[in-house]
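Chemist: What follows is a predicted structure for the sequence shown.
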Amino acid sequence: MTEAAHGLDAKLALRRGALVLDVDIALPARGITALFGPSGAGKSTCLRAIAGLERDGVGRVSFGHDVWQDSSRRIFVPPHRRRLGYVFQEPSLFIHHSVAGNLDYGYRRARRPAHLDREGMIDRFGLRALLDRRVGTLSGGERQRVSMVRALLSDPALLLFDEPLSALDTTARADLLGCLERLHGTLRVPMIYVSHNIDEVVRLADHIVLLDDGHVVAQGSPQDTLTRLDLPPALGEALGSVVEGAVSGIDTHDQLIELAFAGGTLSLPYHGETIGQSMRCRIAARDVVLTRERQVSTSALNQVACRIVAMADAGVSSQCLVQLDASGAALLARITRRSWHALGLSAGDEVWAQVKAVALGA
Ligand SMILES: Nc1ncnc2c1ncn2[C@@H]1O[C@H](COP(=O)(O)OP(=O)(O)OP(=O)(O)O)[C@@H](O)[C@H]1O
């Protein structure tokens, strides 16, 4: 299998009822790209158009050196010839066949490529004990694991996952998210992952495309896109910073870990992490409190020294967004305008950002 030298480029326009989708997306050739946005933004429609499942989309889609669609030249490669591994919100499997039968369907058609680690994937997704079971007897979470491994074993050039966890309960969702995180480091092909759950996105994505009302409003690294001050109000709750660091301490007595990052250390709840483990956590803008002085009597375990970079309207008249720099790490706070004025804040000021450890629980 040859890997794409360039990723996916899609410039597509299409109308579906009240939705006018008009996107221009350029994705990296590796890693996970999240297509994120509020409900109804057009994420699934966009993914389907990329796959060739929306035939009336107009524009150009290329993947690596392959042109999948070019309306001006009447080129349209049908979905089954685009080498896609598609996973939908609801698993679509051969319900009367065994798990092994489902997994091997695409794997056999792809001629069992040597570079695909069938056994490793079965173990990584916890399917070993289920191989002989009929799919119809599995739970929703188990079926979705089968869908994912089946897609991976079909030797795709591009994986398209459309809200694969949204129909699952909290436990199944957490389990599968863990599987996907572990898969991340071994993925040889790019994945587009549609979600409206920002925590999933932050844990998985290397790159984010933010969609609102059929349009791309930002694309780039999670850190850069989610700390922007100019995003539409519909994306407001997703705003915040993505902190990357390594576990530098574990306090089993208080069940907390310390995460060392560019701006200092953060305490957050312990979930079985190990020292040295790389971690990402999201600090939602609404969970950050700003103070002029470092506080001595506060229940917030985290206080990070920052400098104010800029302030902007938060889209809600009583609130503003404050961009902060913590020794090179970008943070974002959403506070009231009243607080901004009461503290006499302005760009360039030194402040402390307080964050409760429980706000950082994964
Ligand atoms: N075939 C269709 N006919 C009419 N309207 C459609 C059709 N397909 C999609 N839409 C509309 O387009 C909008 C976007 O739908 P889409 O499923 O792409 O959004 P989404 O961002 O994936 O939303 P969600 O997160 O809720 O799944 C919705 O308002 C939907 O009702």
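Modeler: Looks like it arrived, so ask away.

Chemist: Number of residues surrounding the residue of the chain found nearest the ligand?
Modeler: The ligand sits closest to residue 17 of the chain, with a gap of 2.7 Å, by C-beta to the nearest ligand atom. Heads up, the C-betas are built off the backbone N, CA and C, glycines and all. By the criterion of other C-beta atoms under 10 Å, residue 17 has 6 neighbours.

Chemist: again with residue 147
Modeler: 23.

Chemist: what comes into contact with stretch 167-180?
Modeler: Stretch 167-180 is contacted from outside by 89-90, 124-126, 139-141, 144-145, 148, 164-165, 200, 203-204, using C-beta atoms under 8 Å, 6 or more residues apart in numbering.

Chemist: Can you give the domain ranges for this structure?
Modeler: Domain segmentation of the chain under automatic domain parsing yields 8-226, 240-360.

Chemist: Same list (those) but as JSON lines, adding mean pLDDT.
Modeler: Formatted as JSON lines, the domains of the chain follow (pLDDT from 0 to 100):
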{"stretch": "domain 8-226", "mean pLDDT": "92"}
{"stretch": "domain 240-360", "mean pLDDT": "93"}
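
Chemist: Nearest to residue 234, out of those?
Modeler: Nearest to residue 234, of all these, is domain 8-226, at 4.6 Å by C-beta to C-beta.

Chemist: Between the two ends of that closest one, what distance do you get?
Modeler: Domain 8-226 has an end-to-end distance of 22 Å (C-alpha to C-alpha, to the nearest Å).

Chemist: Check stretch 186-199 too.
Modeler: 21 Å.

Chemist: mind listing what the most centrally placed residue in the chain touches?
Modeler: The chain has residue 201 as the residue nearest its centroid, 2.1 Å off, counting by C-alpha atoms, centre = their mean. If a contact means C-beta under 8 Å, 6+ apart, then residue 201 has 34, 36, 193, 195, 208, 222, 238 as its contacts.

Chemist: give me that answer again for 7 Å
Modeler: 34, 36, 195, 208 (C-beta atoms under 7 Å, 6 or more residues apart in numbering).

Chemist: Also residue 55?
Modeler: Residue 55 neighbours (C-beta under 7 Å, 6+ apart): none.

Chemist: So which bits of the stretch 1-150 of the chain are right by the ligand?
Modeler: Within the stretch 1-150 of the chain, the positions adjacent to the ligand are 16-17, 19, 37, 39-45 by C-beta under 6 Å from any ligand atom.

Chemist: Narrow those residues to those in helices?
Modeler: Among those, the members falling in helices (DSSP state H) are 43-45.

Chemist: residues near residue 56, how many?
Modeler: Using other C-beta under 10 Å, residue 56 has 10 neighbouring residues.

Chemist: show me where the stretch 1-150 of the chain has helices.
Modeler: 43-51, 99-109, 118-124, 140-153 (DSSP state H, counting those that start in this stretch).

Chemist: which residues touch the second one?
Modeler: Counting by C-beta under 7 Å, 6+ apart, the neighbours of helix 99-109 from elsewhere in the structure are 93-94, 118, 127, 130-133, 135, 146, 149-150, 153-154.

Chemist: for the longest one, same thing?
Modeler: When contacts are taken as C-beta under 7 Å, 6+ apart, the neighbours of helix 140-153 outside the stretch itself are 85-87, 91, 93, 99, 102-103, 105-107, 116, 118, 121-122, 125-127, 130, 135, 159, 164, 167-168, 172, 175-176, 179.

Chemist: Thanks again, I'm all set now.
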